[in-house]
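Trainee: Have a look at this prediction, sequence included:
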Amino acid sequence: MSLRRKRINFDSSFSSFRNHLHSLFSFSGLDKVSGINILVYDMCTANPKPFTEQLFTGIADYLEEYTSDIRQSILEHDDIVTAYARAFEKYFLAADCASKICDYLNRLLLKSKESNVAPADKRQIVGEGRYRRQTIQALAMLIWRDRVVHHIRNSDLNRLLYQVFEFIRRDRDGEDIRSDVVSAVVGSLVQLNSLTDQPLQLYIEEFERPYLIHTKRYYQREAARVVADASISEYMTQATHRLAQEVARNHRYCHLTSHMPVIKEFEAQYITAYQGRIHFDFESLVDNEHYEDCAMAYNLLARIEDGVKPLLKLYEEYITRLGKSMVSRLGSSVSKVGAVNLWAGLTCLSSRFSGRQIS
């Protein structure tokens, strides 16, 4: 490879480069894309004037056209989620490869961006002003975001995210779904903004905020139905089971930053909303020595602020009543034998509950 600057015909060179680029993104003829980094170098160092901006703009034009075609292909499927996940996986790999091929172009663009010290210049744009200076990978993510995700949201009834939330609803209903493709779609929202100043903005706006609303509505309806039809023991069993499921679902679909807000929303609908019912029935659970249910009540209410205070008070009162009952059965005069029996009874009571934890 010669590093000398050459006179080249940009239209002819870029036409060849574009064909190689299409082979890369369409995963066809990949054996022919080797060496195109030389084309990139030659265009970026052309004599007498480099074609750096024209190359960047030409790549942007290609990606706009390609992603528009891919979007139409995705929307032709009934299962948009799976079609999108498969298309984005290939696109992301191709974009990463294309950016590496264009490493010399990337360095020129970033160097030019960083060489300006004025705040306005640091946000400089390329060519006709559609895009700021950035790597080809960052450009590819930006164009997919605008041409696919935002376009489907604004012009196609947000069918992609609608199906994502529908898949998750079916998952909560106990149906078998392709959780891997749901995870891939949600993950793409993080990847698409990963090279920006606000890497989670797209994920939060498109997924997290509506997901919290869907979570609230789903468990609001279910908790109201279960508490109306089931015993408190059955209700707490369902709440405990659903909580474990939601924690696992968080790990499948959500970014780490969403885990706490989603669980808090679940707790609000399944625990906070009906803590009064659990408090009310707790005394009878203790009186009837349903200690497993007592433990469930404690574990659930310990997740919300001041949830266990009434339980501890009831528990203490229950043990106090048992002790007083033992004393009262001895009458006003306590014989030596009676005293021994009282001591044995209180010792048994102490050992019975001091080792028992409802937590």
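Mentor: Arrived safely, thanks for sending. Keep in mind that this is a model prediction, so the values were computed, not measured. Numbers count the residues shown, from 1 in each chain.

Trainee: Can you report phi and psi for the residue positioned nearest the centre of the chain?
Mentor: Centroid-nearest residue in the chain, with C-alpha atoms, centre = their mean: Cys254, separated by 1.8 Å. Main-chain dihedrals, Cys254, degrees, to the nearest 10: phi -100, psi 150.

Trainee: show me what contacts it?
Mentor: If you count contacts by C-beta atoms under 8 Å, 6 or more residues apart in numbering, Cys254 has them with Val186, Glu208, Tyr211, Val262. Where you see a C-beta, it was placed from the backbone N, CA and C, and this is true even at glycine.

Trainee: again, 10 Å this time
Mentor: For Cys254, the contact set (C-beta atoms under 10 Å, 6 or more residues apart in numbering) comprises Ser183, Val186, Gly187, Tyr203, Phe207, Glu208, Tyr211, Pro261, Val262.

Trainee: do Cys102 as well
Mentor: Counting by C-beta under 10 Å, 6+ apart, Cys102 has contacts 17, 21, 36-37, 39-41, 44, 55-56, 59, 108-109, 135-137, 139.

Trainee: do the same with Met236
Mentor: Remark: with contacts taken as C-beta under 10 Å, 6+ apart, Met236 is in contact with 226, 230, 270-271, 274, 277-278, 281, 285, 292-297, 299-301.

Trainee: Give me the buried entries from those.
Mentor: Among the contacts of Met236, those classed as buried by 16 or more other C-beta atoms under 10 Å are 226, 270-271, 274, 278, 281, 285, 293-297, 299-301.

Trainee: Closest one to Leu63 out of those, please.
Mentor: Comparing the buried ones among the contacts of Met236 against Leu63 with C-beta to C-beta picks out Tyr270 as the nearest, at 45.5 Å.

Trainee: I'd like the distance between the closest one and His255.
Mentor: 23 Å (C-beta to C-beta, to the nearest Å).

Trainee: ok, which stretches of the stretch 51-200 of the chain are strands?
Mentor: 125-126, 131-132 (DSSP state E, counting those that start in this stretch).

Trainee: so which of these comes closest to Gln72?
Mentor: With C-beta to C-beta as the criterion, Gln72 lies closest to strand 131-132 of the strands of the stretch 51-200 of the chain, at 22.5 Å.

Trainee: Sitting in helices, which of the contacts of Cys254 do you find?
Mentor: Mapping the contacts of Cys254 onto helices (DSSP state H) picks out Ser183, Val186, Gly187, Tyr203, Tyr211, Pro261, Val262.

Trainee: and these as a markdown table, adding pLDDT?
Mentor: A markdown table is the format used below for these (pLDDT from 0 to 100):
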| residue | pLDDT |
| --- | --- |
| Ser183 | 98 |
| Val186 | 98 |
| Gly187 | 98 |
| Tyr203 | 98 |
| Tyr211 | 98 |
| Pro261 | 98 |
| Val262 | 98 |
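
Trainee: how about TSV for the residues you listed, with distance to Cys97 added?
Mentor: Listed next are these as TSV, based on distance: C-beta to C-beta, whole Å:
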residue	distance to Cys97
Ser183	23
Val186	24
Gly187	19
Tyr203	24
Tyr211	32
Pro261	36
Val262	35
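
Trainee: Lowest average pLDDT across the strands of the stretch 51-200 of the chain?
Mentor: In terms of mean pLDDT, the lowest-scoring of those is strand 125-126 (a mean of 83).

Trainee: so how far is it from its chain's centroid?
Mentor: What separates the centre of strand 125-126 from the centre of its chain is 33 Å, taken as C-alpha atoms, centre = their mean, to the nearest Å.
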